[in-house]
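**Q** Structure here, sequence nowhere to be found:
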């Protein structure tokens, strides 16, 4: 009797929940039908914004890659000068722009539909974001002048005001918001919460602009804190919870996206932004070929007797460096694509690892320029190859770190079939470890065989694609050998399990 009563109670609660969801969905549909015909989906606006931000984040490598280093100069000294100025500007710009992009993601996870007014306000945001690299260039060229700091802080403060206008405008027209906020009874609470989060960075930039007149070094410290502000606030919240106990959340706060820094980013927009960076880096490589490797007609006539083939033959090392660099960019994208096939959500820490990996991917045009810039068998050539190995290593190692972070929260971030211990997990780990291991091995090999450093590096770039082709066979063979050596009695059972897994179709909605 008791069991039947419990079953009736559970069934009754299920029916009530279904009725609530049905009522909420019907209210959402009614809001959509009441929305003006001028509203539209935000997908194309977000795709345009992602493309624009990825271009701005990546093209700042051009001043670094096109810095000419004379053969008589020591490359190590030149790189030290680059690190203090241009490379630092590139990294800071990349990180700041990705912080603005992450804020844009979170804002448009709240706003799912747009009208003409929101589209124009978003264009104003993009205009200010694209101006940020120029302010950083001024700050790097004139570090002791406060004009660059003031321009940057002014752009960020105006950007914050425009985003606040977007939030106020969207909440005044609830049909533009996502379904959960539309049916929520706490819209005012969420509006104030989002405005408070948006205005944190402009307020910090306001104080940085004031300190620039008093002690400008402190202004740079505040600007650096802006990059890691979400992680700092999350750490402070964790310390507060440990010190005074868990702070109670509002009843509605866990139902949907609440603009908190520990909530997942949009996986689709992370993929779109990353694809944009990889595509732009690949394009920058061919632009360098078109600019530097088309011979002058008068030179062809005088030095090569009018033979264009003979003139192009002199650019052989440059072509080899281009194809090797393009293969590296393409295969790093391939690994990134394979990784995100298994990811269901991108957490904030995963986003940080992805950003750091993309920052080093953006440095690959610099690696391309350095590997064919200097005379053969010179010390500068050796150091250039080793710098290129370092760039590839860090681009790959942060991809591997992204996978480790995803494994740490595997029940929330990964598909069930690829969690720790599965065959696909081993294959994915081999993919991610290939480039860091090869780049590290090439680095040490060039230290031993310094006379053949450029040849070793180019052979590495060309042979890695073939390693990817046979990687799955090597992983399967290695796993079979390990099972044969350590678990010979489980081979039959393992084959039965693998056959059962093979019968299960892939469903991207399984989480």
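**A** Received it, and whenever you're ready, just let me know what you need. Quick caveat: nothing in here was measured; it's all calculated off a predicted structure.

**Q** Let me see the ranges of the strands in the stretch 401-511 of the chain.
**A** Assigned by DSSP state E, counting those that start in this stretch, the stretch 401-511 of the chain shows no strands.

**Q** got it, and the stretch 51-200 of the chain?
**A** Under the criterion DSSP E, counting those that start in this stretch, the stretch 51-200 of the chain carries strands at the ranges 113-114.

**Q** residue ranges with poor pLDDT in it?
**A** 64-86 (pLDDT under 70).

**Q** I'd like the average pLDDT over stretch 334-346.
**A** Stretch 334-346 shows a mean pLDDT of 87.

**Q** now what about it, what contacts it?
**A** 264-267, 270-271, 274, 278, 350, 354, 357, 396, 399, 402-403, 406, 412-415, 418, 424, 428, 431-432, 434-435, 468, 511 (C-beta atoms under 8 Å, 6 or more residues apart in numbering). The C-beta positions use only the backbone N, C-alpha and C, and glycine is treated the same way.

**Q** Now, of these, which are buried?
**A** Among these, those scoring as buried are 264-266, 270-271, 274, 278, 350, 354, 357, 396, 399, 402-403, 406, 413-415, 418, 424, 428, 431-432, 434-435, 468 (criterion: 16 or more other C-beta atoms under 10 Å).

**Q** Let's see which of these end up in helices.
**A** 270-271, 274, 278, 350, 354, 357, 396, 399, 402-403, 406, 413, 424, 428, 431-432, 434-435, 468 (DSSP state H).

**Q** domain assignment for the chain?
**A** Taking automatic domain parsing as the reference, the chain has its domains at 37-244, 267-294+306-503.

**Q** Tell me how many other residues crowd residue 275.
**A** 17 (other C-beta atoms under 10 Å).

**Q** ditto for residue 151
**A** 18.

**Q** same thing with the one 10 residues further on?
**A** A total of 14 residues lie near residue 161 under the criterion other C-beta under 10 Å.

**Q** residues contacting it?
**A** residue 202.

**Q** Repeat that for residue 471.
**A** Contacts of residue 471 (C-beta under 8 Å, 6+ apart): 427, 430, 431, 434.

**Q** Widest-spaced pair of those residues?
**A** Across the contacts of residue 471, no pair lies farther apart than 427 and 434, at 11.1 Å, counting by C-beta to C-beta.

**Q** rewinding a little: and residue 300, which of the domains of the chain is closest to it?
**A** Nearest to residue 300, of these and by C-beta to C-beta, is domain 267-294+306-503 at 4.6 Å.

**Q** how far is the closest one from where the chain is centred?
**A** Distance, stretch centre to chain centre, for domain 267-294+306-503: 15 Å (C-alpha atoms, centre = their mean, to the nearest Å).

**Q** ok, now stretch 119-129?
**A** On C-alpha atoms, centre = their mean, the centre of stretch 119-129 falls 21 Å from the chain's centre.

**Q** and the nearest residue to residue 171 once chain neighbours are set aside, what is it in contact with?
**A** Once flanking residues are discounted, residue 171 sits nearest to residue 191: 4.6 Å by C-beta to C-beta, 6 or more residues apart in numbering. Shown in contact with residue 191 (C-beta under 8 Å, 6+ apart): 167, 168, 171.

**Q** which one of the residues you listed is nearest residue 295?
**A** Using C-beta to C-beta, residue 167 is the member of the contacts of residue 191 that lies nearest residue 295, at 55.9 Å.
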